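> only geometry, no sequence info:
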(Lines give C-alpha, C1' and ligand atoms only; values in the text may rest on other atoms or scores of the structure.)
Protein backbone atom coordinates (compact mmCIF):
# COMPACT_ATOMS: atom_id res chain seq x y z
CA UNK A 1 0.00 0.00 0.00
CA UNK A 2 1.46 3.44 -0.91
CA UNK A 3 2.61 5.47 2.07
CA UNK A 4 0.21 8.29 1.20
CA UNK A 5 -2.72 5.90 1.27
CA UNK A 6 -1.57 4.54 4.61
CA UNK A 7 -1.47 8.03 6.06
CA UNK A 8 -4.93 8.82 4.70
CA UNK A 9 -6.42 5.69 6.24
CA UNK A 10 -4.70 6.46 9.53
CA UNK A 11 -6.01 10.01 9.57
CA UNK A 12 -9.56 8.83 8.89
CA UNK A 13 -9.30 6.26 11.69
CA UNK A 14 -8.02 8.82 14.15
CA UNK A 15 -10.77 11.26 13.29
CA UNK A 16 -13.41 8.58 13.74
CA UNK A 17 -12.08 7.70 17.19
CA UNK A 18 -11.36 11.24 18.30
CA UNK A 19 -14.70 11.74 20.01
CA UNK A 20 -14.17 8.57 22.05
CA UNK A 21 -10.74 9.50 23.41
CA UNK A 22 -9.62 11.77 26.21
CA UNK A 23 -7.06 14.13 24.74
CA UNK A 24 -4.07 15.77 26.38
CA UNK A 25 -1.15 17.88 25.23
CA UNK A 26 2.19 17.65 26.98
CA UNK A 27 5.92 17.04 26.87
CA UNK A 28 7.70 13.67 26.96
CA UNK A 29 10.01 13.69 29.99
CA UNK A 30 11.30 10.12 29.96
CA UNK A 31 11.29 6.94 27.90
CA UNK A 32 11.22 3.71 29.89
CA UNK A 33 11.45 1.22 27.00
CA UNK A 34 10.50 0.84 23.36
CA UNK A 35 6.76 1.39 23.90
CA UNK A 36 6.46 3.12 27.29
CA UNK A 37 7.04 6.78 28.10
CA UNK A 38 6.17 9.49 30.60
CA UNK A 39 4.35 12.68 29.61
CA UNK A 40 3.74 15.77 31.73
CA UNK A 41 0.61 17.46 30.37
CA UNK A 42 -0.31 21.14 30.37
CA UNK A 43 -1.93 20.83 33.81
CA UNK A 44 1.30 19.53 35.31
CA UNK A 45 -0.07 15.99 35.64
CA UNK A 46 2.43 13.19 35.01
CA UNK A 47 1.01 10.44 32.80
CA UNK A 48 2.67 7.07 32.32
CA UNK A 49 1.83 6.07 28.75
CA UNK A 50 1.82 2.74 26.90
CA UNK A 51 1.68 3.14 23.13
CA UNK A 52 -1.54 1.72 21.76
CA UNK A 53 -1.42 -0.96 19.08
CA UNK A 54 2.25 -1.94 19.23
CA UNK A 55 4.66 -3.98 21.33
CA UNK A 56 8.42 -3.38 21.37
CA UNK A 57 11.05 -5.95 22.42
CA UNK A 58 11.23 -6.53 26.18
CA UNK A 59 14.38 -5.97 28.20
CA UNK A 60 16.70 -8.91 27.53
CA UNK A 61 15.32 -9.48 24.04
CA UNK A 62 17.34 -8.68 20.92
CA UNK A 63 16.80 -5.08 19.75
CA UNK A 64 15.28 -3.96 23.08
CA UNK A 65 17.93 -1.27 23.55
CA UNK A 66 17.66 -0.20 19.93
CA UNK A 67 13.88 0.12 20.26
CA UNK A 68 14.20 2.32 23.35
CA UNK A 69 16.81 4.50 21.66
CA UNK A 70 14.62 4.80 18.58
CA UNK A 71 11.66 5.94 20.66
CA UNK A 72 13.85 8.39 22.61
CA UNK A 73 15.24 9.93 19.45
CA UNK A 74 11.73 10.48 18.11
CA UNK A 75 10.03 12.00 21.11
CA UNK A 76 12.14 12.68 24.23
CA UNK A 77 11.70 16.29 25.42
CA UNK A 78 9.28 17.04 22.59
CA UNK A 79 5.63 18.07 22.71
CA UNK A 80 3.02 15.46 21.86
CA UNK A 81 -0.73 14.96 21.80
CA UNK A 82 -2.25 11.97 23.60
CA UNK A 83 -5.47 10.29 22.59
CA UNK A 84 -6.26 7.94 25.47
CA UNK A 85 -7.89 4.63 24.57
CA UNK A 86 -8.13 3.14 28.06
CA UNK A 87 -6.68 3.38 31.55
CA UNK A 88 -5.04 0.31 33.05
CA UNK A 89 -5.13 -0.70 36.70
CA UNK A 90 -2.40 1.31 38.35
CA UNK A 91 -3.19 4.41 36.32
CA UNK A 92 -1.06 3.84 33.23
CA UNK A 93 -2.84 4.98 30.08
CA UNK A 94 -2.86 3.23 26.72
CA UNK A 95 -2.83 5.97 24.12
CA UNK A 96 -2.19 6.98 20.54
CA UNK A 97 0.65 9.51 20.65
CA UNK A 98 0.91 12.12 17.91
CA UNK A 99 4.04 14.17 17.32
CA UNK A 100 4.03 17.88 16.50
CA UNK A 101 3.95 17.14 12.76
CA UNK A 102 0.85 14.98 13.24
CA UNK A 103 2.64 11.67 12.70
CA UNK A 104 1.72 8.63 14.79
CA UNK A 105 4.61 7.68 17.05
CA UNK A 106 3.66 4.01 17.28
CA UNK A 107 3.30 3.72 13.51
CA UNK A 108 6.78 5.14 13.02
CA UNK A 109 8.19 2.45 15.31
CA UNK A 110 6.52 -0.31 13.29
CA UNK A 111 7.82 1.24 10.07
CA UNK A 112 11.38 1.23 11.46
CA UNK A 113 11.15 -2.37 12.57
CA UNK A 114 11.32 -1.37 16.24
CA UNK A 115 7.98 -2.91 17.27
CA UNK A 116 5.33 -5.44 16.35
CA UNK A 117 1.66 -4.74 15.83
CA UNK A 118 -0.04 -5.69 19.09
CA UNK A 119 -3.26 -7.71 18.70
CA UNK A 120 -3.90 -7.56 22.47
CA UNK A 121 -4.98 -3.92 22.20
CA UNK A 122 -7.86 -4.81 19.88
CA UNK A 123 -8.15 -5.12 16.10
CA UNK A 124 -4.91 -4.08 14.39
CA UNK A 125 -5.36 -1.30 11.85
CA UNK A 126 -4.57 -1.98 8.21
CA UNK A 127 -2.03 0.83 8.33
CA UNK A 128 -0.04 -0.84 11.09
CA UNK A 129 -0.32 -4.24 9.40
CA UNK A 130 0.94 -2.83 6.13
CA UNK A 131 3.85 -1.08 7.84
CA UNK A 132 4.86 -4.32 9.57
CA UNK A 133 4.72 -6.28 6.31
CA UNK A 134 7.00 -3.75 4.61
CA UNK A 135 9.44 -3.65 7.55
CA UNK A 136 9.60 -7.46 7.57
CA UNK A 137 10.12 -7.66 3.81
CA UNK A 138 12.91 -5.07 3.93
CA UNK A 139 14.42 -6.68 7.06
CA UNK A 140 14.42 -3.49 9.07
CA UNK A 141 15.33 -3.50 12.74
CA UNK A 142 14.17 -6.61 14.61
CA UNK A 143 13.25 -8.24 11.30
CA UNK A 144 16.96 -8.78 10.63
CA UNK A 145 16.37 -11.96 12.63
CA UNK A 146 14.75 -14.71 10.60
CA UNK A 147 12.19 -15.49 13.32
CA UNK A 148 12.05 -12.74 15.97
CA UNK A 149 10.02 -13.68 19.03
CA UNK A 150 7.24 -11.18 19.95
CA UNK A 151 7.16 -10.00 23.58
CA UNK A 152 3.90 -11.83 24.37
CA UNK A 153 5.68 -15.13 23.53
CA UNK A 154 9.02 -14.24 25.09
CA UNK A 155 10.12 -16.45 27.98
CA UNK A 156 13.48 -14.91 28.67
CA UNK A 157 15.03 -13.96 31.99
CA UNK A 158 12.98 -10.81 32.44
CA UNK A 159 9.72 -12.74 32.59
CA UNK A 160 10.87 -15.68 34.70
CA UNK A 161 13.36 -14.18 37.14
CA UNK A 162 13.04 -11.43 39.70
CA UNK A 163 15.78 -8.92 38.80
CA UNK A 164 18.44 -8.32 41.40
CA UNK A 165 19.48 -4.91 42.63
CA UNK A 166 20.33 -2.91 45.71
CA UNK A 167 18.28 -3.47 48.86
CA UNK A 168 18.07 0.29 49.38
CA UNK A 169 18.23 3.45 47.30
CA UNK A 170 18.75 7.13 48.00
CA UNK A 171 18.05 10.16 45.89
CA UNK A 172 15.59 12.96 45.22
CA UNK A 173 11.92 12.66 44.31
CA UNK A 174 11.64 14.43 40.98
CA UNK A 175 8.12 13.44 39.87
CA UNK A 176 4.87 12.50 41.58
CA UNK A 177 2.36 10.71 39.34
CA UNK A 178 -0.25 10.08 42.02
CA UNK A 179 -0.53 9.26 45.71
CA UNK A 180 1.49 6.06 45.52
CA UNK A 181 3.57 6.35 42.33
CA UNK A 182 6.60 8.61 42.07
CA UNK A 183 10.02 8.92 40.46
CA UNK A 184 13.36 8.89 42.26
CA UNK A 185 16.49 10.35 40.69
CA UNK A 186 19.65 8.90 42.21
CA UNK A 187 22.85 10.90 42.78
CA UNK A 188 24.20 9.27 39.61
CA UNK A 189 21.26 10.62 37.61
CA UNK A 190 19.40 7.32 37.22
CA UNK A 191 15.61 7.66 37.21
CA UNK A 192 13.74 4.97 39.14
CA UNK A 193 9.96 4.57 38.97
CA UNK A 194 8.69 3.84 42.50
CA UNK A 195 5.51 2.30 43.89
CA UNK A 196 4.88 2.69 47.63
CA UNK A 197 4.83 -0.65 49.41
CA UNK A 198 1.74 -1.81 51.27
CA UNK A 199 -0.55 1.11 50.50
CA UNK A 200 -2.98 2.08 47.74
CA UNK A 201 -4.05 5.69 47.13
CA UNK A 202 -7.24 6.67 45.27
CA UNK A 203 -6.94 6.39 41.49
CA UNK A 204 -7.07 9.46 39.27
CA UNK A 205 -10.60 10.85 39.03
CA UNK A 206 -11.78 9.32 42.31
CA UNK A 207 -12.49 11.24 45.48
CA UNK A 208 -9.33 12.33 47.32
CA UNK A 209 -6.97 11.29 44.48
CA UNK A 210 -5.85 14.91 43.99
CA UNK A 211 -5.51 15.37 47.76
CA UNK A 212 -3.31 12.26 48.01
CA UNK A 213 -1.03 13.45 45.22
CA UNK A 214 -0.82 16.95 46.74
CA UNK A 215 0.11 15.42 50.11
CA UNK A 216 3.01 13.49 48.54
CA UNK A 217 4.16 16.55 46.58
CA UNK A 218 4.23 18.66 49.73
CA UNK A 219 6.06 16.02 51.74
CA UNK A 220 8.80 14.97 49.37
CA UNK A 221 8.90 16.52 45.88
CA UNK A 222 12.45 17.80 45.20
CA UNK A 223 13.54 16.45 48.58
CA UNK A 224 16.01 13.74 49.56
CA UNK A 225 14.53 10.36 50.49
CA UNK A 226 15.65 6.82 51.22
CA UNK A 227 13.96 3.73 49.80
CA UNK A 228 13.92 0.29 51.39
CA UNK A 229 13.33 -1.96 48.39
CA UNK A 230 10.73 -4.69 48.91
CA UNK A 231 10.40 -5.78 45.30
CA UNK A 232 12.52 -4.83 42.30
CA UNK A 233 9.73 -4.83 39.74
CA UNK A 234 5.94 -4.84 39.77
CA UNK A 235 3.68 -5.47 36.78
CA UNK A 236 4.44 -1.98 35.48
CA UNK A 237 8.21 -2.17 35.93
CA UNK A 238 8.28 -0.04 39.09
CA UNK A 239 10.47 -0.64 42.12
CA UNK A 240 8.26 -1.31 45.14
CA UNK A 241 9.56 0.01 48.44
CA UNK A 242 9.11 1.92 51.67
CA UNK A 243 10.02 5.59 51.23
CA UNK A 244 11.32 7.56 54.21
CA UNK A 245 11.84 11.31 54.26
CA UNK A 246 12.51 14.18 56.64
CA UNK A 247 13.29 12.83 60.10
CA UNK A 248 12.77 9.25 58.99
CA UNK A 249 9.01 9.46 58.47
CA UNK A 250 7.46 6.65 56.39
CA UNK A 251 5.61 8.17 53.41
CA UNK A 252 3.17 5.28 52.97
CA UNK A 253 2.32 5.26 56.67
CA UNK A 254 1.86 9.05 56.63
CA UNK A 255 -0.63 8.70 53.75
CA UNK A 256 -2.65 6.04 55.53
CA UNK A 257 -2.58 8.02 58.79
CA UNK A 258 -3.92 11.09 56.97
CA UNK A 259 -6.75 9.03 55.50
CA UNK A 260 -5.41 9.46 51.96
CA UNK A 261 -4.58 5.81 51.20
CA UNK A 262 -5.70 2.31 52.14
CA UNK A 263 -3.52 -0.32 53.75
CA UNK A 264 -3.03 -2.96 51.05
CA UNK A 265 -3.66 -6.30 52.84
CA UNK A 266 -2.87 -8.40 49.76
CA UNK A 267 0.66 -7.01 49.53
CA UNK A 268 1.41 -6.40 53.22
CA UNK A 269 -0.87 -8.79 55.14
CA UNK A 270 1.27 -8.83 58.29
CA UNK A 271 1.90 -5.10 58.60
CA UNK A 272 0.16 -4.33 61.89
CA UNK A 273 1.34 -0.71 61.84
CA UNK A 274 -0.37 0.07 58.53
CA UNK A 275 -3.46 -1.86 59.58
CA UNK A 276 -3.66 0.10 62.85
CA UNK A 277 -3.12 3.44 61.09
CA UNK A 278 -6.01 2.70 58.72
CA UNK A 279 -8.27 1.75 61.63
CA UNK A 280 -7.41 5.02 63.42
CA UNK A 281 -8.05 7.09 60.28
CA UNK A 282 -11.37 5.31 59.72
CA UNK A 283 -12.51 5.90 63.30
CA UNK A 284 -11.55 9.57 63.09
CA UNK A 285 -13.20 9.89 59.62
CA UNK A 286 -10.10 11.49 58.17
CA UNK A 287 -9.70 12.00 54.44
CA UNK A 288 -11.38 9.36 52.29
CA UNK A 289 -13.03 7.89 55.41
CA UNK A 290 -15.41 10.85 55.40
CA UNK A 291 -17.33 8.60 53.02
CA UNK A 292 -19.22 5.82 54.77
CA UNK A 293 -17.88 3.16 52.42
CA UNK A 294 -14.99 4.43 50.23
CA UNK A 295 -14.18 2.09 47.37
CA UNK A 296 -10.54 0.94 47.28
CA UNK A 297 -8.73 0.88 43.91
CA UNK A 298 -8.49 -2.92 43.77
CA UNK A 299 -12.30 -3.20 43.64
CA UNK A 300 -12.85 -1.50 40.29
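That came through fine. None of these values were measured; they are calculated from a predicted model.

> Flag the shaky bits of this protein, pLDDT-wise.
Applying pLDDT under 70 to the chain flags the ranges 1-21, 59, 89-90, 121-122, 155-166, 235, 298-300.

> so what are the domain limits for it?
According to automatic domain parsing, the chain comprises the domains 3-159, 168-290.

> Can you lay out the ones you listed as JSON lines showing mean neighbour count?
Backbone N, C-alpha and C define where each C-beta goes, glycine included. Formatted as JSON lines, the domains of the chain follow (neighbours: other Cβ atoms under 10 Å):
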{"stretch": "domain 3-159", "mean neighbour count": "18"}
{"stretch": "domain 168-290", "mean neighbour count": "19"}
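
> between those domains, which gets nearest to residue 296?
With Cβ to Cβ, the closest approach to residue 296 among the domains of the chain belongs to domain 168-290: 4.8 Å.

> Figure out how far the closest one is from the centre of its chain.
Domain 168-290 sits 16 Å away from the centroid of its parent chain (Cα atoms, centre = their mean, to the nearest Å).

> change the start of the numbering to 547 and stick with it
In the new count, where the first residue is 547, that last one comes out as domain 714-836.

> wait, what's in contact with the residue positioned nearest the centre of the chain?
In the chain, the residue lying closest to the centroid (Cα atoms, centre = their mean) is residue 594, at 3.5 Å. Residues in contact with residue 594 (Cβ atoms under 8 Å, 6 or more residues apart in numbering) are 582, 583, 584, 637, 638, 639, 723, 727, 739, 782.

> out of those, which are inside strands?
Among the contacts of residue 594, the members falling in strands (DSSP state E) are 582, 583, 584, 639, 723, 727, 739.

> residues touching the third one, list them.
With Cβ under 8 Å, 6+ apart as the criterion, the residues that contact residue 584 are 574, 575, 576, 577, 578, 592, 593, 594, 595, 721, 729.

> Dump the contacts of residue 594 into TSV; add distance to residue 618 as well.
TSV is the format used below for those (distance: Cβ to Cβ, whole Å):
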residue	distance to residue 618
582	11
583	9
584	12
637	23
638	19
639	19
723	20
727	22
739	16
782	19
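
> closest to residue 657 among the residues you listed?
When the contacts of residue 594 are compared against residue 657 (criterion: Cβ to Cβ), the nearest one is residue 583, at 17.9 Å.

> follow-up on the earlier one: export the domains of the chain to a markdown table and tack on distance to residue 842?
Output for those, formatted as a markdown table (distance: least, Cβ to Cβ, whole Å):
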| stretch | distance to residue 842 |
| --- | --- |
| domain 549-705 | 12 |
| domain 714-836 | 5 |
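
> Compare those and give me the one nearest residue 843.
Closest among those, using Cβ to Cβ: domain 714-836, at 4.9 Å.

> beta partners for the residue nearest to the centre of the chain?
Here residue 594 shows beta-bridge partners residue 584, assigned using DSSP bridges.

> picking that back up, let's have the ones in strands among the contacts of residue 594 in CSV, adding distance to residue 660.
Formatted as CSV, the ones in strands among the contacts of residue 594 follow (distance: Cβ to Cβ, whole Å):
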residue, distance to residue 660
582, 13
583, 13
584, 19
639, 21
723, 26
727, 27
739, 22
